[in-house]
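Novice: Any chance you can model this:
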Amino acid sequence: MIETKRLPAGVYLLAFSLFAMGTAEFLLAGVLPAVAADLDVSLSAAGALITAFALGVVLGGPPFAVLSLKWPRRTALMVTQLLFAAAIAAGLIADDHLVLLLTRFVAGLAYAGFFAVASVTAISLVTPDRNARASGVVVSGLSVAMVAGGPAGTLLSHLTDWTGGFWGVVALTLLGTVACAFGLPATSSGAVSVSGELRAMRSPRLWGVYAVTILSTAAYMVSFNYLAAVLADVTRVPVVWIPAVLALFGIGAFVGLSVGGRISDQRPHHALLGGALGIAVLSGLLALFAASVWVVVPLVFLLGIAAFVLNPALYGRVFAIAGSAPTLAGATTVSAFQLGISLTPVFAAVALNLDAPVTAVSWIGAALALLTIPLIIADRNFEKAKSYPR
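Specialist: Residues are numbered from 1 along each chain as shown. So this is what the prediction gives:
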């Protein structure tokens, strides 16, 4: 029987804070031309701000997690949010491209640190049989940021100037800090050891899960990142409707997180295999039927579901394998997700530089998803062998 009891309020507070901070990641793409014009730089130079944030997440998260291991978790959460808000605000005040690059990197670092500690804090608030569900609720903050936060911030920026949406992010992040201060218990990280955390990270199985995370994230994001181009050039969707179709992916992601969170605690490999196969099949169908709007629209929604069914299961496997190193393992998981996103232009370039049609990126996504299946099966078989020793 599916557990329906509500999770502690603290889990939802963490989701709100992640929504606030995650909005900054999705907002920048919507105002990039305005940023380039205001700073008097090229569009590609402005795009480097996205890369700077991603590098902060990929490179900065694990070291920050190690440095903050002995902090009380509530303190770590508040410090990362304040650092994030301060970095965003400093970049806006300076109004200088080089300063913005630096502050975006620092914001990415703080974001990764918060994400990692939030995941560990969420599972500390629930019983072990609800770990994946709690992680799924926290991560759902990102899907809400994708569906609502990014578009709302972009609209605010268009009504004011490009900084307006980011000042909104700063305000929401500070609100999240206050909510964490009063809504989370003052729990400590317990007796932690840096050497113990690093030792637990040596597990090949853990790195197998990270490989699944990178490949599966790249698999669905490569299709999503080029979906607007497919809709405009192949499906021939009117420009005014493209944001609505893209929002369907985010709505599907929210559904996928809910479903994945409820089944992943008991059957993580079902969620992983179902999500990977779903991404592969749906990506292939998207490439085949890209010219039909009646097929593409529901496929986008279903791809969002398949993509995010995996996320709670991935977190669940990481915490199951690296139970003695949850903070560092969680930070590295966030980095793995971001690395998967960052690699999508590289994978897409393989096809597009050969003058392949834009729909080819979906075939690449299907192939990447299929590559995760042997890794998932290997992890499942090892888990079975451990449960039933000879």
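Novice: average pLDDT for stretch 360-378?
Specialist: Averaging pLDDT along stretch 360-378 gives 94.
Novice: quick check: longest helix of the protein.
Specialist: In terms of residue count, the longest helix belonging to the chain (DSSP state H) is helix 9-39.
Novice: Could you identify the helix or strand that succeeds that one?
Specialist: Past helix 9-39, further along toward the C-terminus, the next helix or strand under DSSP states H and E is helix 43-67.
Novice: any idea of the angle the helix or strand that that following helix is followed by forms with helix 9-39?
Specialist: Using DSSP H and E, the helix or strand that directly follows helix 43-67 along the chain is helix 73-94. Angle of helix 73-94 versus helix 9-39, following axes from the mean of the first three to the mean of the last three Cα atoms, to 10 degrees, is 20 degrees.
Novice: Which parts of this protein are strands?
Specialist: In the chain, no strands are found when defined by DSSP state E.
Novice: Can you pull the poorly scored residue ranges out of it?
Specialist: Along the chain, the parts satisfying pLDDT under 70 run over 1-5, 187-194, 196-197, 324, 385-390.
Novice: Any idea which residue is closest to the centre of it?
Specialist: Nearest to the mean C-alpha position of the chain, counting by Cα atoms, centre = their mean, stands residue 337 at 5.8 Å.
Novice: Return the alpha-carbon coordinates of stretch 119-134 using PDB.
Specialist: As requested, C-alpha coordinates have been extracted for stretch 119-134 and formatted as PDB (Å, rounded to 0.1, in the frame of the first residue of the first chain):
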ATOM      1  CA  SER A 119      19.000  16.500   0.700                       C
ATOM      2  CA  VAL A 120      20.800  15.100   3.800                       C
ATOM      3  CA  THR A 121      18.600  17.300   6.100                       C
ATOM      4  CA  ALA A 122      15.400  16.100   4.300                       C
ATOM      5  CA  ILE A 123      16.200  12.400   4.900                       C
ATOM      6  CA  SER A 124      17.200  13.100   8.500                       C
ATOM      7  CA  LEU A 125      13.600  14.400   9.100                       C
ATOM      8  CA  VAL A 126      11.900  11.200   7.900                       C
ATOM      9  CA  THR A 127      12.100   7.500   8.500                       C
ATOM     10  CA  PRO A 128      14.400   5.500   6.200                       C
ATOM     11  CA  ASP A 129      11.400   4.000   4.300                       C
ATOM     12  CA  ARG A 130      10.600   7.600   3.000                       C
ATOM     13  CA  ASN A 131      14.100   8.800   2.100                       C
ATOM     14  CA  ALA A 132      13.500   8.800  -1.700                       C
ATOM     15  CA  ARG A 133      10.100  10.500  -1.300                       C
ATOM     16  CA  ALA A 134      11.600  13.200   0.900                       C
END
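Novice: Please tell me how far residue 276 sits from residue 212.
Specialist: Taken as Cβ to Cβ, to the nearest Å, the spacing of residue 276 relative to residue 212 amounts to 8 Å. The way it works is simple: take the backbone N, C-alpha and C, and place the C-beta from them, glycine included.
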